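A.B. asks: here is the input, now give the coordinates:
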Amino acid sequence: MSPRRFRRKDSARPLGVPSGMDRVEEWPDGEWKVRMLSGATSAKPYRCPGCDQEIRPGLPHVVAWPNWSGGDEERRHWHTACWRKRLDRGPGRTRY
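C.D. replies: Below is the predicted model of the structure:
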């Protein structure tokens with residue numbers, strides 16, 4: 001057996017939710033529209049507001065924005081793990 005073992009990558013996307021479709025998530029900080037991106041369509045780098053690191057082109061990630069009128073202007077691109085853990089941050093955490 002090869003020393004390299006195949007590791008199955010669990011999908012961050014819930015079953016039945018195709019990539020690229022919007023869904024509404026309820027969090028303690030309100031309702032958010034969330035879109036999972038496969039990375040195949042992203043051609044430029046983005047800056048994750050959760051960790052302040054670059055999201056490289058081609059990397060799967062999340063786009064989220066508030067689910068209220070005018071919230072579309074606040075769309076942000078997040079690493080999937082940063083989006084999930086954003087409320088665990090201490091004082092000074094980002095609002096987005």
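A.B. asks: mind telling me what element the residue most central in space within the chain is part of?
C.D. replies: Note on the chain: the residue nearest the mean C-alpha position is residue 62, at 2.4 Å, using Cα atoms, centre = their mean. Per DSSP states H and E, residue 62 falls inside strand 61-66.
A.B. asks: cool, residue 39 as well?
C.D. replies: Going by DSSP H and E, residue 39 is not part of any helix or strand.
A.B. asks: so what's it closest to, chain neighbours aside?
C.D. replies: residue 60 (4.3 Å; Cβ to Cβ, 6 or more residues apart in numbering). C-beta: built from backbone N, CA, C; applies to glycine.
A.B. asks: test for you: state the pLDDT assigned to the one you found.
C.D. replies: Residue 60 carries a pLDDT score of 94 in this model.
A.B. asks: ok, back up a step: does the residue nearest to the centre of the chain touch residue 81 like I think?
C.D. replies: No - judged on Cβ atoms under 8 Å, residue 62 makes no contact with residue 81 at a distance of 9.4 Å.
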